[in-house]
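Engineer: predicted coordinates and the sequence they were generated for:
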Amino acid sequence: MPVSGVLEQFLTYWHSLPRENGSVALPVRSSLKPSHLHDRLPRLALLKRLDRYNVTATMICTEYDTQWLGPTVGMNAFDLTPANMRENTAELYGAILDQPAAALIRETVHRKGGKKADVASLYLPLANKKGAATYIVGCTVYENRPAYGTINDRLILDHQRVRNIEFIDIGAGLPIYSFKKPTKPTPHLSTEGRWWNRFIPAKSRAGSSNFEARTPH
């Protein structure tokens, strides 16, 4: 198995979710209960593809299942995607949802304050109520830190410094995907406060500094 640790537990949990239409069918979004992952993952990223270049992105605190089932509040992920990565990113989302398949991405990102870090992200497809592959749930961990639960930086995953992309067969085969690495990455994007307040959970974990209570703008 190409994943280990927290990401392996995340994948194992995804496989354990009930399927209504056979072993290859995807679990629907509502079957995943973030609170079941509360002790292992501090939060999940939720993407919803509306069309090729319109993919809403939201962070969900794993302590509260009600947040997961509520309306998706976020922004278009392509608003933070550099022009030289738009097609790459659209193709990646398509490979995950249209095949469908899991994607393990290893890349170097900028942390808060400009420092770099190596991270690994696992993205898994989920279906809507009609059974269509519409959602992607993801988890990102630092590769060189044992305390995965503390990852709460304002990470900008623009996929410009991807070191490796590996797809995992979840029952429908592996997609054909060719990552076109940019020869000259654009300067990393920064987020202003009001946008970030919308992107993280509105609830805080009691007694923890990992999640600050925020009010969406």
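Structural biologist: Done, it's in.

Engineer: figure out the length between the terminal residues of stretch 63-83.
Structural biologist: 35 Å (Cα to Cα, to the nearest Å).

Engineer: who does the lengthiest strand in the chain touch, helix- and strand-wise?
Structural biologist: Longest strand of the chain, by residue count under DSSP state E: strand 116-127. Judged by 3 or more Cβ pairs under 8 Å, 6 or more residues apart in numbering; DSSP states H and E, strand 116-127 is in contact with helix 5-16, helix 86-98, strand 102-110, strand 133-142. Using the backbone N, CA and C atoms, a C-beta is placed for each residue, glycine as well.

Engineer: ok, which of those comes nearest residue 80?
Structural biologist: helix 86-98 (9.8 Å; Cβ to Cβ).

Engineer: how far off strand 133-142 does that closest one point, in degrees?
Structural biologist: Interaxial angle, helix 86-98 versus strand 133-142 (axes from the mean of the first three to the mean of the last three Cα atoms, to 10 degrees): 110 degrees.

Engineer: does anything pack onto helix 86-98? Which helices or strands?
Structural biologist: Against helix 86-98 (3+ Cβ pairs under 8 Å, 6+ apart) you get strand 43-51, strand 102-110, strand 116-127, strand 133-142.

Engineer: name the residues of the first one that come out as buried.
Structural biologist: Along strand 43-51, these residues count as buried under the neighbour rule (16 or more other Cβ atoms under 10 Å): 43, 44, 45, 46, 47, 48, 49.

Engineer: just the second one next, same as before
Structural biologist: Within strand 102-110, the residues scored as buried using 16+ other Cβ under 10 Å are 102, 103, 104, 105, 107, 109, 110.

Engineer: and for the fourth one, nearest residue in space, chain neighbours not counted?
Structural biologist: Meaning residue 105. Excluding the flanking residues, the one nearest residue 105 by Cβ to Cβ, 6 or more residues apart in numbering is residue 121, at 4.8 Å.

Engineer: which residues does that neighbour bridge with?
Structural biologist: Counting by DSSP bridges, residue 121 forms beta bridges with residue 105, residue 140.

Engineer: and it, how far from residue 90?
Structural biologist: Distance, residue 121 to residue 90, by Cβ to Cβ, to the nearest Å: 17 Å.

Engineer: the two: which is more packed in?
Structural biologist: Per other Cβ atoms under 10 Å, whichever of residue 121 and residue 90 has more neighbours is residue 121, with 20 against 17.

Engineer: need the pLDDT of the more buried one.
Structural biologist: In this prediction, residue 121 carries a pLDDT score of 89.

Engineer: shouldn't it be in contact with residue 142?
Structural biologist: No. If you go by Cβ atoms under 8 Å, residue 121 and residue 142 don't touch, sitting 10.8 Å apart.

Engineer: now for the helix or strand containing residue 56, which elements pack on it?
Structural biologist: According to DSSP states H and E, residue 56 maps onto strand 54-61. In terms of contacts (3+ Cβ pairs under 8 Å, 6+ apart), strand 54-61 is packed against strand 43-51, helix 65-69, strand 75-76, helix 193-199.

Engineer: 7 Å instead?
Structural biologist: Packing partners of strand 54-61 (3 or more Cβ pairs under 7 Å, 6 or more residues apart in numbering; DSSP states H and E): strand 43-51, helix 65-69, strand 75-76.

Engineer: in it, what counts as buried?
Structural biologist: Quick answer for strand 54-61 (16+ other Cβ under 10 Å): 55, 56, 57, 58, 59, 60, 61.
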